[in-house]
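Undergrad: I'd like to go over a predicted model; first the sequence, then the structure.
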Amino acid sequence: MEVRRRLLGRVVVVGLLMTAVIGSAQPRSKNLSELSLEELSNVEITSASKRPERLSDAAASVFVISADDIRRSGATTLPEALRLAPNLEVAQAFANGYAISARGFNSSSANKLLVLIDGRSVYTPLFGGVFWDVQDVMLEDVERIEVISGPGGTVWGVNAVNGVINVITRDAAETRGSVVSVAAGNREWLASGRQGLAIADGNLRLYAKHTQFRNTETANGTDVDDASRFTQAGFRGDWNALAGRLTVQGDTYQGKRGQPEPGTIAISGVSLALDDVTTSGANLLARWERTLNSDSALSVQAYYDRTHRTVPPTFAETLELADIQIQHSSRPVAGHAVVLGGEYRLGRDRLVNSAVFAFLPARSDQTWSSLFAQDEIALREDLRLTLGARIERNDYTGNEWLPNARLAWKPAADQLLWTALSRTVRAPSRLDRDTFIPGQPPFLLRGGPDFRSEVAKVFELGYRGRPTNTSSLSVTAFQADYDHLRTQELVLSPLFVFFGNGMTARVRGLEAWGTYQPLPVWRLHAGLTRLLQHFELNPGSTDASAPAAAAGANPGRQLLLRSAIDLPRSTEFDVTVRYVSALSNPNVPSYTAVDARLAWRPNADMELSLSARNLLGPRHGEFTDLATRSAFGRSILVGWSGHF
């Protein structure tokens, strides 16, 4: 405690000194942002239709997190940066552990959200979701994060059921020179560096990042064994080559974190102690893009991804994935803009099982293949119809059909009304089919030998526009009907359970966000989500707890408010207020979190910042059961970054 008090005291002193120095700084000449609201609405995105289009023309519920948003938020990790998207549910479970989803179905193993980093899918076939503790980038190199809530199966494939997150980093040509960033506080510290240089008719950047988190505490002050450290390094190169544009990039990482309480697992009368989770991995990606003529483009992308995770005393996994994608897209010609593509993926999964549970077979090789086509048809100058479909094959259920239709009407140049109908699926993962508890017979859980794909049929209606020159607004209403949702079915003789598809659901909701700029140096952001859920068991299902468990982990209401203001003398001040309504399963009370950041730029190449989180109110939990729930209180972080 004494060490913590000294550290907190030093942080506060640095913050006060920084504020005092601000008074002698030179006035700042730039406005709040280099982009006006009109320019922001015309930002080019690629995630909605897999070809470049203006955000204002995208017939989907899309929120773009800009590089400036990330910097001003004070986020130090990718999951924290995703809190800026009002159409996501981001719940922190422990020091570096998160549950993230869109439109419900949140859990520590959420499996209906597809996440990509520079076109590389980071979902794991083990459970169909994302290990968030190993997903990170050097945030200074992120150009933007495109967040789509709603189905994206036609262009991205199965598992893009409720949304797509696409993290896009900058071209190496835009990151020349050196960058060093350090930050320290009472909960975490980090250091990162990047070097960018011109090389061989192109550009190359190298980076490294190290982050450490202290143990969190429960509401009664008990330490949670979740301290972690994570180191990642990588590169990206961009060249003009082979009559096109070639990008080669890769990352390597390793990390370790504690496993939160209860600290032991009892199985068959034997108590097994938990130990640190260790992770490591590496990936390599190459992408070649060529403009064939003024109307079409071709891209080829391939990557290899190897990950290793040991979770004592339960399992250890080594997973290798190889993926290749080919796509041809055309600009609007004769009223049509067509995108065609295909993908093939090979997975090699090797498990070391334990007495606690097992994935059987322990060695598994899988393949996935798909073809898709989408055509945007100009019915008239202000009316566009988009029709598309993907057929995707997996080893568990065979072919899956993923169609969608979208209609977009622009009554004015800065207004868009759109509607969409989609069918998408979540294919089975190894968790659904191959899980057995305990690790040897007799089994209490016998996998899901007949588990089929979960299906969603989704209707959306949306508006995006700029009501005035100083404001923007996006509103989406949706209804999703789900079938074949996962349940645990009971067999009495002999006694065991297995995974089945015994539940349906209807989820309705509203997503709205907007921006208002009352002054050139002051910008306000607001976001609201409303979620209504109804889960129901099919006749014959025995899993009476499934509906409450599925619905209870999702907040019915979320509210996000952000204020970004440029003060005199090269100073920025940002405040974020987040309200999240209560969860019923696990029982987590509602909470309001207030974060603030003060930053000073003595010159164009240097920044000092003081960030504070959870400023007001008592410590609060966000996820998991009360007995082991981390309670997050006030934290302070002092940061410095320099460009050379």
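TA: Yep, it's here.
Undergrad: most centrally placed residue in the chain?
TA: I165 (5.1 Å; Cα atoms, centre = their mean).
Undergrad: I'd say it and L82 touch.
TA: Yes: here I165 reaches L82: they are 6.9 Å apart, a contact under Cβ atoms under 8 Å. Just so you know, the C-beta spots here come from the backbone N, C-alpha and C atoms, and that holds for glycine as well.
Undergrad: What residues of stretch 239-251 count as buried?
TA: W239, G244, R245, L246, T247, V248, Q249, G250, D251 (16 or more other Cβ atoms under 10 Å).
Undergrad: distance of the residue nearest to the centre of the chain from L274?
TA: Going from I165 to L274 by Cβ to Cβ, to the nearest Å gives 30 Å.
Undergrad: Also A373?
TA: 49 Å.
Undergrad: go on, W132?
TA: As defined by Cβ to Cβ, W132 lies at a distance of 19 Å from L274.
Undergrad: Quick check, pLDDT for the residue of the chain most remote from its centre.
TA: Most distant residue from the mean C-alpha position of the chain: S493, 42.8 Å away (Cα atoms, centre = their mean). With respect to pLDDT, S493 scores 88.
Undergrad: List phi and psi for it.
TA: Main-chain torsions, S493, degrees, to the nearest 10: phi -140, psi 110.
Undergrad: now G281
TA: Torsion angles, degrees, to the nearest 10, at G281: phi -180, psi 170.
Undergrad: Contacts only, for it.
TA: By Cβ atoms under 8 Å, 6 or more residues apart in numbering, the contact set of G281 is V134, D251, T252, Y253, Q254, D305, R306, T307, H308.
Undergrad: again, only this time at 7 Å
TA: Contacts for G281 were tallied using Cβ atoms under 7 Å, 6 or more residues apart in numbering; they are V134, Y253, R306, T307, H308.
Undergrad: hmm, back to that, can you say which two of the buried residues of stretch 239-251 are spatially most distant?
TA: By the measure Cβ to Cβ, G244 and D251 form the most distant pair in the buried residues of stretch 239-251, at 23.6 Å.
Undergrad: hang on, the earlier thing: so of the contacts of G281, which ones are in strands?
TA: Counting by DSSP state E, these place Y253, R306, T307, H308 in strands.
Undergrad: what would the residues you listed look like in TSV with distance to N215 and neighbour count?
TA: TSV is the format used below for the ones in strands among the contacts of G281 (distance: Cβ to Cβ, whole Å; neighbours: other Cβ atoms under 10 Å):
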residue	distance to N215	neighbour count
Y253	22	19
R306	30	16
T307	25	20
H308	24	16
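Undergrad: sorry, back to before: quick one: which of the buried residues of stretch 239-251 has the lowest pLDDT value?
TA: Here the lowest pLDDT out of the buried residues of stretch 239-251 sits on G244, with 91.
Undergrad: just to revisit the earlier point, neighbour count: W132 and L274, which is higher?
TA: W132 (23 against 18; other Cβ atoms under 10 Å).
Undergrad: so who does the residue nearest to the more buried one when sequence neighbours are not counted touch?
TA: Here the nearest residue to W132 in space, its sequence neighbours aside, is Y98; by Cβ to Cβ, 6 or more residues apart in numbering that works out to 4.5 Å. Listed by Cβ under 7 Å, 6+ apart, the contact partners of Y98 are P79, V90, A91, Q92, W132.
Undergrad: Out of the residues you listed, which comes closest to L383?
TA: Relative to L383, the closest of these is V90; by Cβ to Cβ it sits at 36.3 Å.
Undergrad: any idea how far S101 is from that closest one?
TA: Separation of V90 from S101 (Cβ to Cβ) stands at 9 Å.
Undergrad: just R350 next, same as before
TA: According to Cβ to Cβ, R350 and S101 sit 28 Å apart.
Undergrad: ok, back up a step: identify those among the buried residues of stretch 239-251 that sit within strands.
TA: Using DSSP E, the members of the buried residues of stretch 239-251 that fall in strands are W239, G244, R245, L246, T247, V248, Q249, G250, D251.
Undergrad: what ranges do the helices span in the protein?
TA: Using DSSP state H, the helices of the chain run over residues 2-22, 37-41, 67-73, 78-81, 153-156, 430-434, 546-552.
Undergrad: rank those by mean pLDDT and give me the bottom one.
TA: The minimum mean pLDDT among the helices of the chain belongs to helix 2-22 (a mean of 36).
Undergrad: What about the residue lying closest to R486 once chain neighbours are set aside, how many residues nearby?
TA: Spatial nearest neighbour of R486, chain neighbours left out: F499 (5.9 Å); criterion: Cβ to Cβ, 6+ apart. Other residues within reach of F499, judged by other Cβ under 10 Å, total 23.
Undergrad: got a list of what F499 touches?
TA: D432, G447, G448, F451, R486, Q488.
Undergrad: In the stretch 1-150 of the chain, where is pLDDT below threshold?
TA: Filtered on pLDDT under 70, the stretch 1-150 of the chain yields the residue ranges 1-34.
Undergrad: I meant the chain, not that one.
TA: For the chain, residues meeting the criterion pLDDT under 70 lie at 1-34, 261-272.
Undergrad: ok so, going back, closest to T314 among the buried residues of stretch 239-251?
TA: Closest to T314, out of all of the buried residues of stretch 239-251 and judged by Cβ to Cβ, is D251, at 26.3 Å.
Undergrad: bridging residues for that closest one?
TA: Using DSSP bridges, the bridge partners assigned to D251 are G234, N283.
Undergrad: TSV for the buried residues of stretch 239-251, including distance to A75?
TA: Converted to TSV, these look like this (distance: Cβ to Cβ, whole Å):
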residue	distance to A75
W239	31
G244	34
R245	30
L246	31
T247	25
V248	27
Q249	22
G250	24
D251	19
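Undergrad: wait, doesn't E572 sit right on R72?
TA: Yes: if you go by Cβ atoms under 7 Å, E572 and R72 touch, sitting 6.3 Å apart.
Undergrad: Pull the number of nearby residues for the residue nearest to G514 when sequence neighbours are not counted.
TA: Nearest non-adjacent residue to G514, counting by Cβ to Cβ, 6+ apart: L473, 4.2 Å away. Neighbours of L473 under the rule other Cβ under 10 Å: 17.
Undergrad: ok, now E317?
TA: 19.
Undergrad: my guess is it contacts N353, does it?
TA: No: contact criterion Cβ under 7 Å: E317 and N353 do not qualify, at 9.9 Å.
Undergrad: Where do the strands of the stretch 351-500 of the chain begin and end?
TA: Here the stretch 351-500 of the chain has its strands, by DSSP state E, counting those that start in this stretch, at 358-359, 363-380, 383-394, 398-412, 415-426, 435-437, 445-446, 454-465, 471-491, 496-519.
Undergrad: Can you say which of those strands is packed in most?
TA: strand 358-359 (a mean of 23; mean count of other Cβ atoms under 10 Å).
Undergrad: Report the contact partners of the nearest residue to K112 once chain neighbours are set aside.
TA: Among residues not flanking K112 along the chain, V161 sits closest, at 3.9 Å (Cβ to Cβ, 6+ apart). V161 is in contact with K112, P151, G153, T424, R426, A456, counting by Cβ under 7 Å, 6+ apart.
Undergrad: and of the ones in strands among the buried residues of stretch 239-251, the nearest to H534?
TA: For those, the nearest to H534 is D251 (41.6 Å; Cβ to Cβ).
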